[in-house]
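J.: Dropping a prediction and its sequence here:
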Amino acid sequence: MKIYFAGSIRAGREDVVLYGQLIEKLKKYGPVLTEHVGDPKITIDGEGYDTEGDKKVWLKDMDFMKQAEVLVAEITIASLGVGYEIAKAEEKSIPVLCLFRPASGKKVSGLIRGCPKATTIEYETIEEAEKIIEKFFKTI
Ligand code: 6IA
């Protein structure tokens with residue numbers, strides 16, 4: 001199963017190490033099309049901030065989205081791009097798992113947590129996330 005992993009880029013890279021760990025766990029279930037999301041070399045403004053570059057990002061990501069068979073998102077850092085990707089996956093009717101850490105003190109958007117085609121699950125440790133991912137892939 002081709003997996004689309006979504007995590008914050010311009011909304012902040014504080015969780016990038018965790019994204020990398022989640023991507024490693026996900027690779028057990030299939031190729032992760034968006035491994036770059038977990039790459040610490042990709043920073044908020046590392047490759048500049050220009051409209052032409054962003055058009056290429058959109059084209060590439062939408063091509064990955066066409067290929068994707070499942071979407072897993074880490075949503076603790078609220079990101080416009082991740083919300084957009086969740087909506088695209090919902091439109092495609094592929095399974096969507098959203099992982100959220102309540103200890104962050106944040107709250108998930110009602111539009112995401114209430115979305116009938118997306119499953120939002122709370123966790124704190126990578127070990128917990130691993131179990132949630134295992135269970136999720138058994139159900140799809
Ligand atoms: O709104 P955000 O930037 O936080 O959105 C993050 C989400 O959008 C991720 O799940 C990615 O799949 C996608 N995305 C956003 N920016 C990029 C990007 N480079 N490359 C690939 N996917 C992206 C942006 C350039 C970088 C130097 C800031």
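T.: Noted; the coordinates are in hand. Numbers count the residues shown, from 1 in each chain.
J.: Tell me which residues are up against the helix or strand of the chain with the lowest mean pLDDT.
T.: Ranking every helix and strand in the chain by mean pLDDT, DSSP states H and E puts helix 51-67 at the bottom, with a mean of 96. Counting contacts by C-beta atoms under 8 Å, 6 or more residues apart in numbering, the residues outside helix 51-67 that touch it are 2, 4, 33-34, 47, 85, 88-89, 92. Any C-beta I mention is one placed from the backbone N, CA and C, and that applies to glycine too.
J.: what two of the residues you listed are the furthest from one another?
T.: Greatest spatial distance in the contacts of helix 51-67: 47 and 92, 27.4 Å, computed using C-beta to C-beta.
J.: which of those two has more neighbours?
T.: residue 92 (15 against 11; other C-beta atoms under 10 Å).
J.: is it true that that one touches residue 68?
T.: Yes: look at residue 92 against residue 68 with C-beta atoms under 8 Å: they come within range, at 7.5 Å.
J.: just to revisit the earlier point, are any of the contacts of helix 51-67 buried, and if so which?
T.: 4, 33-34, 85, 88-89 (16 or more other C-beta atoms under 10 Å).
J.: Go back to these and keep what's next to the ligand.
T.: 34, 85 (C-beta under 6 Å from any ligand atom).
J.: Let me see the contact set for the closest residue to residue 43 other than its chain neighbours.
T.: Using C-beta to C-beta, 6 or more residues apart in numbering and skipping residues adjacent in sequence, the residue nearest residue 43 is residue 13, 5.9 Å away. By C-beta under 8 Å, 6+ apart, the contact list for residue 13 reads 40, 42-44.
J.: who touches the next helix or strand after the least confident helix or strand of the chain?
T.: As assigned by DSSP states H and E, the chain's next helix or strand after helix 51-67 is strand 70-74. With contacts defined as C-beta under 8 Å, 6+ apart, strand 70-74 is touched by 1-8, 15, 18-19, 22, 26, 30, 82, 85-86, 89, 94-100, 133, 136-137, 140.
J.: correct me, but residue 25 touches residue 131?
T.: No: look at residue 25 against residue 131 with C-beta under 8 Å: they stay out of range, at 10.0 Å.
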